[in-house]
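Asks: Give the three-dimensional model of this entry:
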Amino acid sequence: MPIVTISRGSLSGGEALANRLSQKSGFPVVGLEVIKDAATHYGISESAISQKLKQGPSVIERIIGDKRRTYMIALQSALAERALKGSFIYHGLAGHFLFPEVPNILKVRLVAPLAQRIKSVVEKKRLTEEEAVKYIENVDEKRKQWTKFLYDVDWTDPMLYHMVINLGQISLDTACGMILYALDQPEFKDTPEKTKAIQNLALSSQVKAKLALDQRTMGMELDAEANDGKVIVKGKLFTTVAPLTTGTQTTKAYITEIAKDIPGVKELIVDLN
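Replies: The predicted structure follows:
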């Protein structure tokens with residue numbers, strides 16, 4: 001199940017590349033519908049997810065944390081569930097960050113000359129060139145802020161990707177050819193390890209999402225790891241704002257109650273400190 005993630009600056013040609021690659025490979029394109037899937041499955045406002053992830057974090061949010069982490073967990077869960085169904089090309093928000101520890105996923109970084117991006121913004125947004133420059137700078141800065149806030153990385157760092165493609169230098173067809181050639185190499189072939197990693201990610205992210213969205217555990221610093229149905233939930237007995245008023249045993253009972261009915265959870269271990 002080849003999976004390609006495309007990271008790009010605003011109006012850098014990411015959607016066009018994804019669609020052309022889909023035509024040539026037969027792999028479906030996944031984008032904004034992942035937000036809809038997350039919203040539907042977890043009962044979150046679709047517009048709330050979209051808006052939160054477009055905004056840069058405020059000073060207060062950087063200090064105490066906010067719902068962006070919850071939304072990204074929900075998105076990760078939706079994307080992992082989609083990965084269980086087979087191959088796809090993802091050009092949405094932070095796809096390359098949403099598959100930690102999953103091998104054989106081709107991560108592509110797309111860049112384009114500023115003049116080319118300005119032209120696209122002017123045509124699509126009906127802005128002046130000066131307004132287009134400000135728009136691009138604003139969107140790119142916000143993306144940089146929230147990826148730093150959520151993952152503590154610089155999303156423009158080429159070391160995060162397998163390929164960096166400049167659409168100012170090559171055509172979409174050539175870019176597709178490069179990606180398809182890479183997908184045919186041993187590093188990106190399907191393996192039992194890749195399938196297992198995706199299954200484990202889908203289960204662990206679903207557990208994390210349920211815990212992050214439940215009023216009894218919302219705001220707690222909880223993480224979950226899954227391995228063949230065995231799930232380990234680790235965390236601290238406080239929220240991002242203040243210590244919990246409930247004790248360790250009560251909180252463990254909440255976590256157990258929330259997680260026990262999730263399909264695929266065969267064994268649950270809760271480790272709080």
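Asks: And the contacts of stretch 37-51?
Replies: For stretch 37-51, the external contacting residues (CB atoms under 8 Å, 6 or more residues apart in numbering) are 32, 35-36, 67, 71, 74-75, 77-78, 81-82, 209-210, 213. Where C-beta positions appear, they are placed from N, C-alpha and C, glycine not excepted.
Asks: how about 6 Å then?
Replies: 35, 36, 71, 74, 75, 78, 209, 213 (CB atoms under 6 Å, 6 or more residues apart in numbering).
Asks: Filter those residues down to the ones in helices?
Replies: Taking DSSP state H, the ones among the contacts of stretch 37-51 that sit in helices are 35, 36, 71, 74, 75, 78, 209, 213.
Asks: Nearest to residue 163 among these?
Replies: Each of the ones in helices among the contacts of stretch 37-51 was scored against residue 163 by CB to CB, and residue 75 proved nearest at 23.1 Å.
Asks: And the furthest pair within the ones in helices among the contacts of stretch 37-51?
Replies: 36 and 213 (16.4 Å).
Asks: Counting neighbours, go ahead and name the busier of those two.
Replies: residue 213 (18 against 13; other CB atoms under 10 Å).
Asks: Have a look at the protein and report the helix or strand with the lowest mean pLDDT.
Replies: Least confident element among the helices and strands of the chain, by mean pLDDT, DSSP states H and E: helix 59-64 (a mean of 42).
Asks: so where do the helices sit in the stretch 151-273 of the chain?
Replies: 172-183, 192-213, 248-260 (DSSP state H, counting those that start in this stretch).
Asks: Please name the nearest non-neighbouring residue to the most centrally placed residue in the chain.
Replies: The centroid of the chain falls nearest to residue 98 when counting by CA atoms, centre = their mean (3.6 Å). Residue nearest to residue 98 in three dimensions, not counting chain neighbours: residue 76, with 4.5 Å by CB to CB, 6 or more residues apart in numbering.
Asks: how near is the one you found to residue 106?
Replies: With distances taken as CB to CB, to the nearest Å, residue 76 is found 18 Å from residue 106.
Asks: Those two: who's more crowded?
Replies: Higher neighbour count among residue 76 and residue 106: residue 76, with 25 against 21, using other CB under 10 Å.
Asks: Test my guess that the more buried one contacts residue 99.
Replies: No. Between residue 76 and residue 99 there is no contact under CB atoms under 6 Å: 8.2 Å.
Asks: Can you pull out the low-pLDDT segments for this structure?
Replies: Counting by pLDDT under 70, the ranges of the chain that qualify are 10-11, 51-68, 93, 150, 238-246.
Asks: Scan it for its longest strand.
Replies: strand 230-239 (DSSP state E).
Asks: List of residues touching that one?
Replies: Contacts of strand 230-239 (CB under 6 Å, 6+ apart): 207, 219-225, 244, 248, 255, 265, 267-272.
Asks: Swap in 8 Å and give it another go.
Replies: Counting by CB under 8 Å, 6+ apart, 203-204, 207, 211, 218-226, 243-244, 248, 251, 255, 259, 265-273 sit against strand 230-239.
Asks: And stretch 16-23, by the same measure?
Replies: Counting by CB under 8 Å, 6+ apart, 4, 6, 27-29, 31, 89-91, 110, 165, 167, 172-173, 175-176, 179-180 sit against stretch 16-23.
Asks: could you flag which of the residues you listed are buried?
Replies: Among the contacts of stretch 16-23, those buried by neighbour count (16 or more other CB atoms under 10 Å) are 4, 6, 27, 29, 31, 89-91, 110, 165, 167, 172, 175-176, 179-180.
Asks: Tell me if I'm right that residue 227 and residue 200 touch.
Replies: Yes. Using CB atoms under 8 Å, residue 227 makes contact with residue 200 at a distance of 5.8 Å.
Asks: Neighbour count: these two, which is higher?
Replies: residue 200 (21 against 14).
Asks: can you tell me the helix or strand for residue 22?
Replies: helix 14-25 (DSSP states H and E).
Asks: Tell me the helix or strand right after that helix.
Replies: Per DSSP H and E, the first helix or strand lying C-terminal to helix 14-25 is strand 29-30.
Asks: so how far is that next one from its chain's centroid?
Replies: 13 Å (CA atoms, centre = their mean, to the nearest Å).
Asks: Adjacent strands (with direction) for it?
Replies: Strand 29-30 pairs in its sheet with strand 88-90 (parallel), by DSSP bridges.
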